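In: Pasting the sequence and the predicted model now:
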Number of protein chains: 2
Amino acid sequence: MGKGYVQVYTGNGKGKTTAALGLSVRAVCAGKNVFFGQFIKGMEYSELKCVNLLSNLTIEQFGRDCFIHNDPTKADIECAREGLERMREVLGKGDHDIVVLDELNIALLYKLFDLDEVINIIKNRAPHVEVIITGRYAPEEIIDMADLVTEMKEVKHYYTQGVMAREGIEK
Amino acid sequence: MGKGYVQVYTGNGKGKTTAALGLSVRAVCAGKNVFFGQFIKGMEYSELKCVNLLSNLTIEQFGRDCFIHNDPTKADIECAREGLERMREVLGKGDHDIVVLDELNIALLYKLFDLDEVINIIKNRAPHVEVIITGRYAPEEIIDMADLVTEMKEVKHYYTQGVMAREGIEK
């Protein structure tokens, strides 16, 4: 087994979680095992149904059924911390070839847990595990530790035309 | 059925085709039909195996088994033109909710077919079809006609560390 790298998808444009999902599905198709952990999110996204079609894909959510507005609640913090403990276990064990930490950067932005602790968990993972981190506002320390960083930049967005998130496209 | 939009994923960063794949899989999970057309590419990518797992996903390739170096050959041009005809049919018919034109921008960069013709085909599609266009160097006319444009910007890439494309991750 080769060394696993750390990939970061950040920026204000569309396609970060979606790229992580595409990467996960491609890997599953190649016979790999993927764990897709979603911080912040606890909503009924269509991608949750993927696990019925793709047996080597596991998705777990560590958020509530709404996004955080203003200050995070006690429940937001508890969900995220439980999620981090779960990710520590998954990353350490190494049963999965690819582990996605979806919206990790947003969890860090809201200070739901400690940046140093996260970096420690990622550094102490089973060495073959490829780590995919998504979310706007990736902190410098995450960029520094990453092997690959893509910034998704919004050039034009139809939200500004009043298009709402559509089932099967955005969610 | 709502109106379909045109989404473009361009830029020099990693994640364009991968985002289109993720979007496709999410849509299939939501019960939609997806056609994923790949220009330029005729290689054995892992995503081709997705069609065995996801019955509402069709992938067709309109390229040869190697990338274009320097000038395109006659075979490159023929493959691409056949592909464009196929896409005209698929986009016009409207049997698919989402149609991906993967690496269309690269096919345009190499002038494998005419930009005006492509724009015409997209404009004359069945109106509910959502179109996803990928590839570096999206021409201005494509950006202009798009409803959503994301630029994937390379911030850091492990290719510069000598990491080659890995099966199940990059291909």
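Out: Arrived safely, thanks for sending.
In: Please make it C-alpha for all contacts and neighbour counts, starting now.
Out: Will do.
In: Looking at strand pairing, list the partners for residue A:151.
Out: Beta-bridge partners of residue A:151, counted by DSSP bridges, are residue A:10, residue B:153.
In: May I ask which helix or strand of chain A has the lowest mean pLDDT?
Out: Lowest on mean pLDDT, DSSP states H and E among the helices and strands of chain A sits helix A:50-53, with a mean of 85.
In: got a list of what the residue nearest the centre of chain A touches?
Out: Closest to where the C-alpha atoms of chain A average out (Cα atoms, centre = their mean) is residue A:102, at 1.0 Å. Applying Cα atoms under 8 Å, 6 or more residues apart in numbering or on different chains, we find residue A:102 in contact with A:17, A:20, A:36, A:37, A:38, A:39, A:132, A:133, A:134, A:135.
In: just for chain A, where's the confidence low?
Out: A:1 (pLDDT under 70).
In: Show me where it has its strands.
Out: For chain A, the strands defined by DSSP state E occupy A:6-10, A:34-41, A:57-64, A:98-102, A:130-134, A:148-156.
In: next one: the longest one to chain centre, how far?
Out: When you say that, I think you mean strand A:148-156. Chain-centre distance of strand A:148-156: 16 Å, with Cα atoms, centre = their mean, to the nearest Å.
In: Report the angle between it and strand B:6-10.
Out: Strand A:148-156 and strand B:6-10 are oriented at 140 degrees to each other (axes from the mean of the first three to the mean of the last three Cα atoms, to 10 degrees).
In: ok, now the third one?
Out: Regarding strand A:57-64 and strand B:6-10, their directions subtend 100 degrees when assessed with the same axes, to 10 degrees.
In: strands paired with strand A:57-64, and their directions?
Out: Using DSSP bridges, the strands paired with strand A:57-64 in its sheet are strand A:34-41 (parallel).
In: Can I get the partner strand as CSV, trimmed to CA atoms?
Out: Extracted as CSV, the C-alpha positions of strand A:34-41 are listed here (Å, rounded to 0.1, in the frame of the first residue of the first chain):
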residue,chain,number,x,y,z
VAL,A,34,-14.3,4.9,1.5
PHE,A,35,-15.5,6.6,4.7
PHE,A,36,-17.3,9.9,4.1
GLY,A,37,-17.8,11.9,7.3
GLN,A,38,-19.9,15.1,7.1
PHE,A,39,-19.4,17.8,9.7
ILE,A,40,-22.1,20.5,10.3
LYS,A,41,-24.5,18.6,8.0
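In: Once you drop chain neighbours, what's closest to residue A:93?
Out: residue A:126 (6.4 Å; Cα to Cα, 6 or more residues apart in numbering or on different chains).
In: Can you report how many residues lie near that neighbour?
Out: By other Cα atoms under 10 Å in any protein chain shown, the residues close to residue A:126 number 18.
In: ok, now the one 4 residues further on?
Out: For residue A:130, the tally of surrounding residues (other Cα under 10 Å) stands at 23.
In: Equivalent analysis for residue A:51, please.
Out: Neighbours of residue A:51 under the rule other Cα under 10 Å: 13.
In: For the lengthiest helix in chain A, name the packing helices and strands.
Out: Using DSSP state H to define each element, chain A has its longest helix at helix A:74-93. Counting contacts by 3 or more Cα pairs under 8 Å, 6 or more residues apart in numbering or on different chains; DSSP states H and E, helix A:74-93 packs against strand A:34-41, strand A:57-64, helix A:115-123.
In: can you do 7 Å?
Out: strand A:34-41, strand A:57-64 (3 or more Cα pairs under 7 Å, 6 or more residues apart in numbering or on different chains; DSSP states H and E).
In: contact partners of it?
Out: Under the contact criterion Cα atoms under 7 Å, 6 or more residues apart in numbering or on different chains, helix A:74-93 has outside partners A:39, A:40, A:62, A:63, A:64, A:112, A:113, A:121, A:124, A:125, A:126.
In: among those, which two are most distant?
Out: Maximum pairwise distance among these (Cα to Cα): 28.9 Å, between A:64 and A:126.
In: Any chance you could note which residues of chain A sit beside chain B?
Out: Residues of chain A lying close to chain B (Cα under 7 Å from any Cα of the partner chain) are A:13-15, A:18-19, A:21-23, A:26-27, A:29-30, A:46-47, A:49-50, A:53-54, A:147-158, A:168-169.
In: number of nearby residues for the nearest residue to residue A:121 once chain neighbours are set aside?
Out: Spatial nearest neighbour of residue A:121, chain neighbours left out: residue A:88 (5.7 Å); criterion: Cα to Cα, 6+ apart. The number of residues packed near residue A:88 is 18, by other Cα under 10 Å.
In: From chain B, how far out is residue A:88?
Out: As for residue A:88, its distance to chain B is 22 Å (criterion: Cα to the nearest Cα, to the nearest Å).
In: What about residue A:30, how many residues nearby?
Out: 19.
In: which non-adjacent residue is nearest it?
Out: Nearest one to residue A:30, counting by Cα to Cα, 6+ apart, is residue B:168 at 4.9 Å.
In: Assess the claim that the one you found and residue B:46 are in contact.
Out: Yes. Counting by Cα atoms under 7 Å, residue B:46 is a contact partner of residue B:168 at 6.0 Å.
In: Could you name every residue contacting both of these two?
Out: What both residue B:168 and residue B:46 touch, as defined by Cα under 7 Å, 6+ apart, is the set A:26, A:30.
In: got the strands of chain A as TSV, with distance to residue A:83 columns?
Out: TSV is the format used below for the strands of chain A (distance: least, Cα to Cα, whole Å):
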stretch	distance to residue A:83
strand A:6-10	19
strand A:34-41	7
strand A:57-64	5
strand A:98-102	10
strand A:130-134	14
strand A:148-156	23
